[in-house]
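*Asks:* sequence first, then the predicted structure:
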Amino acid sequence: MTAFTIILLIFLGLLLLLIEFAVIPGVTIAGIGGFFLLGFSVYLAFTNYGTGIGFLTLTFVLIASPLLIYYFFKSKAGKKMVLESSIDGKVETVNNEKIHIGDTGKTIGRLAPSGKVKVNGEVVEAQSVGGFIDQSTEIKVVKILTNKIIVEPVK
């Protein structure tokens with residue numbers, strides 16, 4: 001085994017790791033193969049060239065692998081793969097000052113089993129206790145959650 005073989009194994013191992021992180025998500029043959037090739041190159045360096053070159057190879061592999069992945073994702077090609085946008089939407093919450101347990105209202109649409117209701121002038125998301133509730137049916141608030149209310153039809 002020559003130094004060329006060890007360098008080639010390190011290059012192929014780093015290439016497989018890059019493919020694993022950039023192209024194929026999850027743990028696949030590319031990632032396992034990349035780690036195996038890097039480990040085998042370090043093993044060959046230790047067995048053929050001794051501890052000095054072995055530790056030098058190990059240090060290079062341990063530094064080069066994370067740096068390669070880091071600089072790839074900082075490059076122009078890597079930035080195209082990274083999601084940069086953020087979600088700034090908020091969950092619609094129930095106004096606890098206007099809606100209380102026991103209040104009545106009407107369904108705007110059919111609750112099957114969830115939909116929109118109007119209670120005390122507020123339109124909120126609601127879920128029925130049981131089955132379906134038809135449109136324009138009188139309902140009563142049974143429970144208030146942070147983002148919806150639980151209702152039942154008035155009998």
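*Replies:* Done, it's in.
*Asks:* burial count for Val94?
*Replies:* 19 (other CB atoms under 10 Å). Where you see a C-beta, it was placed from the backbone N, CA and C, and this is true even at glycine.
*Asks:* looks like it contacts Val141 (just checking).
*Replies:* No. Between Val94 and Val141 there is no contact under CB atoms under 8 Å: 9.5 Å.
*Asks:* shared neighbours of those two, anything?
*Replies:* Ile149 (CB atoms under 8 Å, 6 or more residues apart in numbering).
*Asks:* so this structure: which segments form each domain?
*Replies:* Domain assignment for the chain, taken from automatic domain parsing, gives 3-79, 104-153.
*Asks:* could these be laid out in a markdown table, adding distance to Lys98?
*Replies:* Below are the domains of the chain laid out as a markdown table (distance: least, CB to CB, whole Å):
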| stretch | distance to Lys98 |
| --- | --- |
| domain 3-79 | 46 |
| domain 104-153 | 5 |
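*Asks:* JSON lines for those domains, including mean neighbour count and mean pLDDT?
*Replies:* As requested, the domains of the chain are arranged in JSON lines below (neighbours: other CB atoms under 10 Å; pLDDT from 0 to 100):
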{"stretch": "domain 3-79", "mean neighbour count": "15", "mean pLDDT": "90"}
{"stretch": "domain 104-153", "mean neighbour count": "16", "mean pLDDT": "90"}
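*Asks:* and Ile101, how close does it get to Leu145?
*Replies:* From Ile101 over to Leu145 the distance is 11 Å, taken as CB to CB, to the nearest Å.
*Asks:* ok, now Ala22?
*Replies:* 42 Å.
*Asks:* quick one: name whatever helix or strand follows the helix or strand where Tyr70 lies.
*Replies:* According to DSSP states H and E, Tyr70 maps onto helix 29-74. Downstream of helix 29-74, the first helix or strand assigned by DSSP H and E is helix 76-79.
*Asks:* show residues contacting that next one.
*Replies:* Ala22, Phe72, Phe73.
*Asks:* just the residues you listed now: which is nearest Gly52?
*Replies:* Phe72 (30.2 Å; CB to CB).
*Asks:* apart from its neighbours in sequence, what residue is nearest the closest one?
*Replies:* In space, and not counting its chain neighbours, Phe72 is closest to Gly78: 4.7 Å by CB to CB, 6 or more residues apart in numbering.
*Asks:* now swap in Leu16 and tell me
*Replies:* Gly34 (3.3 Å).
*Asks:* ok, that neighbour to Ile24 distance?
*Replies:* For Gly34, the distance to Ile24 - CB to CB - is 11 Å.
*Asks:* right, I'll call it a day here.
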